[in-house]
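Asker: Quick one: sequence and predicted model below, then my questions.
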Amino acid sequence: MPNGQTVSLGLRYRLTSALVPCTAVLALLVAATPCFAGSPCTITCPANLTPSAGSSCSAIVTYPAPMTTGPCGTITCNPASGSTYPFGQTTVKCVASGAPNSSCTFTITVADTTPPTITCPPDQRRQGSGPVIYPPPTVSDNCPGLNSSCAPPSGAVFPIGNSTAVCMADDASGNTATCAFGIDIPSPAGAPALGATALAVAIALLGVIGAFAARRLPVRQRR
C-alpha cells in the first residue's frame, strides 16, 4: 500500500498507517463482513389449496413459487408444482438451499365434488301380483366409496297398476344422483283395470239418465 494513503471501510474501519501488510487488510475485510450482511432468509409459502378431483380421484396442481427475502438461494418444494396429488390432504414443504433452517409448509386438499352417474333399468311390466325382480341400476363414480339403492327394492310386491321406483347413488363425499323407472302390473283376467271400470260406470250412468229422460217425455197419440 502506498505511503500515506488512507483506506476507508464503511464507517467502522479507517486505515492511516504508512504501510499495512496485505494480510492485515484481509483480516479487516473479514471482520467488517457483519457491517454489510443483509437480513436473514425468510420464506412465505402460498395459501392452502383445495382443487377438485378429476376422473381418477386425483388432481394435477400447479401452485405459485414461495415469496422470499434475504439470501435464500434456490427454493425447492416437495411435492413439486405440477405434480399429481391424490384425494385427500397433502402437505407441501419448501426449503431454501442457502439457508436449510428456513422453510415453510402449506396443504393441498383434493376434494371430490363430482356426483356419481346412475342409469335406471327400463320400465318393467309383470303379470300377476307376485314379487317383482328387476335389474339393479348402472352406477359409476370418480372416487371409491360408491353405494346405490332403490325404493321399493327389487323383490317387493307392487300393487296392480302403474308404480314408480326411485334409485339413488351416493359416494363417500356426500355427492348424490337419482333416477326413476316405472313398474306396470296389469289387472288379472276378468278384473277390469281402473280405466275400463270407469268407462263402464260412465256408460251405465248415461244409460240410466237416458232411460229416466225417456219416461218423462209425453207419449205421442196415434191418429
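Answerer: The structure has been received and is ready for your questions. Numbers count the residues shown, from 1 in each chain.
Asker: Where do the domain boundaries of the chain fall?
Answerer: Here the domain parsing of the chain from automatic domain parsing is 7-36, 42-110, 117-185.
Asker: and the end-to-end length of the last one?
Answerer: Looking back up the chat, that one is domain 117-185. With CA to CA, to the nearest Å as the measure, domain 117-185 spans 28 Å from end to end.
Asker: Quick check: the gap between A96 and A47.
Answerer: Using CB to CB, to the nearest Å, A96 is found at 19 Å from A47. From N, CA and C alone the C-beta is placed, and that goes for glycine too.
Asker: okay, the two: which has more neighbours?
Answerer: Between A96 and A47, counting by other CB atoms under 10 Å, A96 is the more crowded of the two (22 against 8).
Asker: Quick check on that one: phi, psi?
Answerer: Reported as degrees, to the nearest 10, the phi and psi values for A96 are phi -90, psi 130.
Asker: In contact with the residue nearest to it when sequence neighbours are not counted, which residues are there?
Answerer: Closest residue to A96 apart from its sequence neighbours, by CB to CB, 6 or more residues apart in numbering: C72 at 3.9 Å. Contacts were defined as CB atoms under 8 Å, 6 or more residues apart in numbering; by that measure C72 touches C41, T42, I43, A96, S97, G98, A99, S102.
Asker: quick one: which of those residues is nearest G88?
Answerer: G88 has its nearest neighbour among those in I43, at 25.0 Å by CB to CB.
Asker: so which strand or helix has the closest one?
Answerer: Assigned by DSSP states H and E, I43 belongs to strand 42-44.
Asker: Quick check: neighbours of that strand in the sheet, parallel or antiparallel?
Answerer: Strand 42-44 has the following sheet partners, assigned by DSSP bridges: strand 67-69 (antiparallel).
Asker: still on that earlier bit, can you list the neighbours in contact with the strand holding I43?
Answerer: The contact list for strand 42-44 (CB under 8 Å, 6+ apart) reads 66-70, 72, 75, 94-96, 102-104.
Asker: Put together TSV for the domains of the chain, with mean pLDDT on each row.
Answerer: Listed next are the domains of the chain as TSV, based on pLDDT from 0 to 100:
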stretch	mean pLDDT
domain 7-36	44
domain 42-110	96
domain 117-185	95
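Asker: how long is stretch 145-157 end to end?
Answerer: 30 Å.
Asker: Report the buried residues of that stretch.
Answerer: Residues of stretch 145-157 classed as buried: L146, S148, C150 (neighbour count, 16 or more other CB atoms under 10 Å).
Asker: isn't there a helix covering the second one?
Answerer: No: S148 sits outside any helix when classified using DSSP: H, G, I helix; E, B strand; the rest coil, being strand.
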